[in-house]
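Colleague: What shape does this take:
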Amino acid sequence: MLAFTLEDFLIDAGFEIAGVAGGLETALSMIEGGDCDAAIVDANLAGVSAGPAASALKARGLPFIVFSGYLPEQQKEAFSGALFVQKPCQPDRLIQSLLSILPSQ
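Modeller: The predicted structure is shown next:
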């Protein structure tokens, strides 16, 4: 539910959304498809660590935000180097964070 609410905020802010993944397999498939400039990744996707998704994003050179209720020091190594945004946060903070990691067009 939160992902779809965030999707609405991002669309309203002018972003194009490549998709929403509720689970790790969907996330990996979307990353493999390579149709995005950046990603927002929850550290936990349906009870499973999103570490493999973070590793796949890094391997493709795609910037991403870790959007999580966990503290940065609780994150797995796969999430290192990513911008961290603590949940909950105001949508404007997430939007500004996303803008900060997007490649210049």
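Colleague: Residue 81 is in contact with residue 58, isn't it?
Modeller: Yes - counting by CB atoms under 8 Å, residue 58 is a contact partner of residue 81 at 7.2 Å. All C-beta atoms are positioned from the backbone trio N, CA, C, and that covers glycine.
Colleague: Between these two, which is the more surrounded one?
Modeller: Set residue 81 next to residue 58 and count neighbours by other CB atoms under 10 Å: residue 58 wins out with 16 against 11.
Colleague: tell me which element the more buried one falls in.
Modeller: Remark: residue 58 resides in helix 51-59, with elements defined by DSSP states H and E.
Colleague: Now do that helix: which elements does it pack against?
Modeller: Here helix 51-59 touches helix 24-33, strand 39-41, strand 64-68, going by 3 or more CB pairs under 8 Å, 6 or more residues apart in numbering; DSSP states H and E.
Colleague: Compute the inter-axis angle for it and helix 24-33.
Modeller: Here the directions of helix 51-59 and helix 24-33 differ by 10 degrees (axes from the mean of the first three to the mean of the last three CA atoms, to 10 degrees).
Colleague: Enumerate the positions of helix 51-59 that are buried.
Modeller: Buried residues in helix 51-59, counting neighbours by 16 or more other CB atoms under 10 Å, are found at 51-58.
Colleague: Thank you kindly, that will do.
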